[in-house]
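# dropping the sequence and predicted coords here.
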Amino acid sequence: MALLKLQIRTFCYILVILLWISAPQLSHAVRRYPYFRDQEENPGRQPLQMQRPFNIAHRGSNGEIPEETAEAYMVSFLRLCSVYLSSLRNMTNSTHFLAIDWTCRPVLLDIKVDFTLAEIKTLRARQRFPFRDQSYNGKYQIITFEEFIKIALNAERIVGIYPEIKSPVFVNKHVKWPGGKTHEDIFVETLLKFNYTGKFFSEAWKKQPLFIQSFAPTSLFRASNLTDSPLILLLDDVTVNTQDTNQTYAEITSDEYLKFISKYVVGLGPWKDTIVPPNEKNYLATPTDLIKRAHAHNLQVHPYTYRNENKFLHFDFHQDPYQEYRYWIHNMSVDGMFTDFTGTLHLYQEWTSPLSGL
């Protein structure tokens, strides 16, 4: 055990050194990256890794760069670790999708439908948490869904996307499209425009990997009639009600419901504390059987959100994010993880299950 802790601590030092070396290169790299060009043929791109849990970049490398910006996604590429991009979809009043979650900002929720794209483009992103690096505040634009897609399609290796159908009840109430189309219709049409199609693990899917996520079950039902791409049902705290069906998330994780939903989705995206709830002293309590039951229904499990800072780590992990990854990968057998620090997860995976060429 002492040797294991020494190895983990050594890897933490390596991570700090790597980040320190690469920091001066970030601004140059993000300036030169051709984010939004049309996709170019590149048949020699490195394929997607599928031998270990998916390293899901939660809104880009947002532990370093303000989230949901082109620069945050590019930095996740530089870390050689981001398998998936997670992005949130909201709307302007001119029906453009945005890669942003307004509910996480100190602004009025209705900003996403009260302003045009041109007006939104005058804004600049800020770091969400005050205890993270603030030096990039006010520098980077908010991007659109199509811009987000083009970043992934032009990566030097195959990188999947993991967009969310965000707040569909609210959006469908306030935004009207011609012909009576819905949020889900326009969302899927945009993905099809860029040739995102194919069932999970199909050859088409491997070329342009995609997971569609939502907290709203009915939104996923609609999407399942529009695309064969894999869908993920996100899960909030078990006491919270869904925005569309008014069920608690405890109700929709029953065995009966998992059997039902498995006809439409390929996996679940639960808040990690609903799987292994902490006690009042911030130590992990007895794990639930959610992962075991999900796997019994052939469902993937991608918990959220893993963060390096001590305030997000339960005391069992002794202020060490590598120990947290070890627990969730080796003890809990998750299939993927949403993380703010993709570089940390990548280094852990390279240490414990290295893949040649990555």
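Nice, I can see it.

# so residue 325 versus residue 282, what's the distance?
Note on residue 325: its distance to residue 282, by C-beta to C-beta, to the nearest Å, is 18 Å. The way it works is simple: take the backbone N, C-alpha and C, and place the C-beta from them, glycine included.

# can you give me the strands for this structure?
54-58, 84-91, 97-99, 160-165, 212-214, 231-235, 267-270, 300-301, 336-339 (DSSP state E).

# so which of those strands is the most packed in?
For those, average neighbour numbers computed from mean count of other C-beta atoms under 10 Å are highest in strand 212-214, which has a mean of 28.

# so which of residue 325 and residue 282 has more stuff around it?
Between residue 325 and residue 282, residue 325 has the larger neighbour count (other C-beta atoms under 10 Å), namely 25 against 11.

# ok, that one - contacts?
If you count contacts by C-beta atoms under 8 Å, 6 or more residues apart in numbering, residue 325 has them with 306, 337, 344-345, 348-349.

# returning to what we had before: wait, which of the strands of the chain is closest to residue 66?
Counting by C-beta to C-beta, residue 66 lies closest to strand 97-99 out of the strands of the chain; the figure is 11.7 Å.

# now the strands of the chain in TSV, with mean pLDDT and distance to residue 221?
Compiled in TSV, the strands of the chain are given as follows (pLDDT from 0 to 100; distance: least, C-beta to C-beta, whole Å):
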stretch	mean pLDDT	distance to residue 221
strand 54-58	91	23
strand 84-91	62	18
strand 97-99	62	20
strand 160-165	92	11
strand 212-214	96	10
strand 231-235	97	9
strand 267-270	98	15
strand 300-301	98	18
strand 336-339	95	23
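
# do you know which of these lies nearest residue 317?
Closest of the strands of the chain to residue 317 is strand 336-339, at 14.0 Å (criterion: C-beta to C-beta).

# for that closest one, C-alpha coordinates in PDB please.
Taking Å, rounded to 0.1, in the frame of the first residue of the first chain, the C-alpha atoms of strand 336-339 are listed here in PDB:
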ATOM      1  CA  GLY A 336     -16.900   6.100 -18.700                       C
ATOM      2  CA  MET A 337     -16.400   9.200 -16.600                       C
ATOM      3  CA  PHE A 338     -17.200  12.900 -17.100                       C
ATOM      4  CA  THR A 339     -14.200  14.800 -15.800                       C
END
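
# how about residues contacting it?
Under C-beta under 8 Å, 6+ apart, the answer for strand 336-339 is 53-58, 84, 86, 269, 300-307, 325, 328-329, 345.

# sorry, back to before: filter the contacts of residue 325 down to the buried ones, ChimeraX style.
Written as a ChimeraX command, the selection of buried residues from the contacts of residue 325, which uses 16 or more other C-beta atoms under 10 Å, is:
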select :306,337,344,345,348,349
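
# residue 216: which of the contacts of residue 325 is nearest?
residue 337 (22.4 Å).

# how much space separates the closest one from residue 162?
12 Å.

# shared neighbours of these two, anything?
The overlap between the contact sets of residue 337 and residue 162 (C-beta under 8 Å, 6+ apart) consists of residue 56.

# hang on, residue 223 packs against residue 211?
No - using C-beta atoms under 8 Å, residue 223 is not in contact with residue 211; the gap is 11.4 Å.

# overlap in contacts, those two.
residue 231.

# low-confidence regions, this protein specifically.
Applying pLDDT under 70 to the chain flags the ranges 1-43, 78-84, 86-114, 356-358.

# closest to residue 204 out of the strands of the chain?
Distance to residue 204, taken as C-beta to C-beta, is lowest for strand 160-165 among these, at 12.5 Å.

# any chance you could give me that closest one in PDB, C-alpha atoms only?
What follows is strand 160-165, C-alpha atoms only, in PDB (Å, rounded to 0.1, in the frame of the first residue of the first chain):
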ATOM      1  CA  GLY A 160     -16.500  11.500 -30.400                       C
ATOM      2  CA  ILE A 161     -19.100  14.100 -29.300                       C
ATOM      3  CA  TYR A 162     -21.500  13.900 -26.400                       C
ATOM      4  CA  PRO A 163     -24.100  16.700 -26.800                       C
ATOM      5  CA  GLU A 164     -27.000  17.200 -24.400                       C
ATOM      6  CA  ILE A 165     -30.600  18.000 -25.400                       C
END
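
# number of nearby residues for residue 206?
Other residues close to residue 206 by other C-beta under 10 Å number 15.

# roughly how far apart are it and residue 223?
Residue 206 is 21 Å from residue 223, by C-beta to C-beta.

# now stretch 58-74: buried residues?
For stretch 58-74, by 16+ other C-beta under 10 Å, it's 58-74.

# please list all residues in contact with the nearest residue to residue 298 once chain neighbours are set aside.
For residue 298, ignoring the flanking residues on the chain, the nearest one in space by C-beta to C-beta, 6 or more residues apart in numbering is residue 262 at 6.6 Å. Contact analysis of residue 262 by C-beta under 8 Å, 6+ apart lists 297-299.

# likewise for residue 306?
272, 312, 321, 324-325, 328, 337-341, 345.

# please repeat the previous calculation with a cut-off of 10 Å.
55-56, 58, 63, 272, 312-313, 321, 324-325, 328, 337-342, 344-345 (C-beta atoms under 10 Å, 6 or more residues apart in numbering).
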